[in-house]
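Asker: I would like to see how this sequence folds:
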Amino acid sequence: VLLVSLTGCGGSGTIEDIIDENKIPKINIKGTSPLSNASVVLTKSDGTEIATTSTDSNGSFLVELRMSNSEVIRIDLSVGSNSQMQCRAIKCAQNVLYGQQLKEQHISGINFTTYHYVKPSAEWGTIDESVSVNMLSTLTSVFVEKAITENSISANNTSLAAFNNLSIKAGKVILAALGLPEDNQTNLLSFQPAVLNENFINTNNKLLTLADNALTAATDNDQLVVTSISSRLLEIPLTEDIFTNNEALLSLLQLANKHNERTRNINELLIFLPALQNADIDFLLAVAHTSKDIDINVLLQSIEKLVL
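Answerer: Residues are numbered from 1 along each chain as shown. Presented below is the predicted three-dimensional model:
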């Protein structure tokens, strides 16, 4: 057998080395997030870094992995010196107004996380997968991280079904805390936010999109709520009786009340006032983010006068 070294041509191994490397299945992970120009780090459960990249100006990223075995990986997004995020409240940190860009000095403490189950194809194969790294995935990741730490699941020796069951269980707690309908099938790690356009009212996941936008508003109080929710999630046991006589869950419901009011108001605006269904979605979001302490009926009457 003739082995040709590629070192002299700028390579670092033999043809056999290159063949062996390319036999390993390839996974292309395409991600979306609220953060532009943010650092993206992919790690294994033991903290071993397996890939890094950055989000583009739209908050998207693409990572190519070479993996032979199924495994749960973690994806973290953190703010860099050029990172930006659009303000989704009428007034965000340091007087940044709705629709304007929050820069690094305004969002330095914001991080987004998700976990993803990687299941490679056969040798030489390639699969394409999509992930959305958002605030709902970040809250769900608190549960997943806890399960891995407590050995409830093994990141490198668990099934996709077991991973999905854990995600759905976490989702039930989070949905309850955010005042959203509980669903035995909702996996928040698979949630993709809907596009905020004229078709938004007809999308299936508008409630989750509204929840994610409200949690990502990036005002000081919102971040306090998110931090508090995360800390309470760590106190809730990963058992079937998570809804029974649990003080942590009760306090979680109270902490999430501010977000809950925002989401309820914008949802009622969209559903119960037909004239608003053709209004600009940015206008509706801006109104909803300022309506926490306003009676919903008074709010509807006021907005109707503005739109009609």
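Asker: now stretch 51-59: average pLDDT?
Answerer: The pLDDT scores in stretch 51-59 average 94.
Asker: list the buried residues in that stretch.
Answerer: T53, T55, G59 (16 or more other Cβ atoms under 10 Å). C-beta: built from backbone N, CA, C; applies to glycine.
Asker: show residues contacting it.
Answerer: Contact partners of stretch 51-59, identified using Cβ atoms under 8 Å, 6 or more residues apart in numbering, comprise 31-42, 61-65, 77, 80.
Asker: distance of the residue nearest to N28 when sequence neighbours are not counted relative to N205?
Answerer: Spatial nearest neighbour of N28, excluding adjacent residues (Cβ to Cβ, 6 or more residues apart in numbering): D128 at 4.7 Å. From D128 across to N205, the span is 21 Å (Cβ to Cβ, to the nearest Å).
Asker: those two: which is more packed in?
Answerer: For D128 versus N205, neighbours defined as other Cβ atoms under 10 Å are more numerous around N205 (14 against 10).
Asker: thinking again about what came up before, out of the contacts of stretch 51-59, which are inside helices?
Answerer: Among the contacts of stretch 51-59, no member falls in helices (DSSP state H).
Asker: quick one: buried ones out of the residues you listed?
Answerer: Buried subset of those (neighbour count, 16+ other Cβ under 10 Å): 31-40, 42, 61, 63, 65, 77, 80.
Asker: closest to C92 among those residues?
Answerer: P34 (12.6 Å; Cβ to Cβ).
Asker: so what pLDDT did the closest one get?
Answerer: At P34, pLDDT is 88.
Asker: can you check F191 too?
Answerer: We have a pLDDT of 90 for F191.
Asker: just checking, A170 touches T138?
Answerer: No: with contacts counted by Cβ atoms under 8 Å, A170 stays clear of T138, the gap being 11.5 Å.
Asker: quick one: which helix or strand includes L139?
Answerer: L139 is part of helix 135-149 when elements are defined by DSSP states H and E.
Asker: quick check: what element follows that helix along the chain?
Answerer: According to DSSP H and E, the helix or strand after helix 135-149 is helix 160-177.
Asker: same for that next one, what does it pack against?
Answerer: Applying 3 or more Cβ pairs under 8 Å, 6 or more residues apart in numbering; DSSP states H and E, we find helix 160-177 packed against strand 111-118, helix 135-149, helix 220-233, helix 247-255.
Asker: the nearest residue to V226 once chain neighbours are set aside: how many residues sit nearby?
Answerer: In space, V226 comes closest to L215 once its chain neighbours are excluded; the distance is 5.8 Å by Cβ to Cβ, 6+ apart. Residues within reach of L215, counting by other Cβ under 10 Å, total 24.
Asker: look up how far S152 lies from L215.
Answerer: Taking Cβ to Cβ, one finds L215 at 25 Å from S152.
Asker: picking that back up, flag every buried residue along the helix holding L139.
Answerer: Here helix 135-149 shows 135-148 as buried, counting by 16+ other Cβ under 10 Å.
Asker: where are the low-confidence patches of the stretch 151-300 of the chain?
Answerer: Residue ranges of the stretch 151-300 of the chain with pLDDT under 70: 182, 196-198, 201, 217-225, 237-300.
Asker: quick one: Q84 and I110 touch, right?
Answerer: No: counting by Cβ under 8 Å, Q84 does not reach I110; the two are 11.3 Å apart.
Asker: so between those two, which is more surrounded?
Answerer: More crowded of Q84 and I110, by other Cβ under 10 Å: I110, with 23 against 20.
Asker: E104 versus that one, what's the distance?
Answerer: The gap separating I110 from E104 is 10 Å, by Cβ to Cβ.
Asker: between helix 160-177 and the helix holding L139, find me the angle.
Answerer: Put simply, helix 135-149 runs at 130 degrees to helix 160-177, going by axes from the mean of the first three to the mean of the last three Cα atoms, to 10 degrees.
Asker: strands of the stretch 1-150 of the chain, start to end?
Answerer: 26-32, 39-43, 49-54, 61-66, 71-78, 84-86, 101-103, 111-118, 126-132 (DSSP state E, counting those that start in this stretch).
Asker: any chance of the ones you listed in a markdown table, plus distance to P193?
Answerer: Below are those laid out as a markdown table (distance: least, Cβ to Cβ, whole Å):
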| stretch | distance to P193 |
| --- | --- |
| strand 26-32 | 8 |
| strand 39-43 | 18 |
| strand 49-54 | 20 |
| strand 61-66 | 16 |
| strand 71-78 | 15 |
| strand 84-86 | 13 |
| strand 101-103 | 18 |
| strand 111-118 | 12 |
| strand 126-132 | 6 |
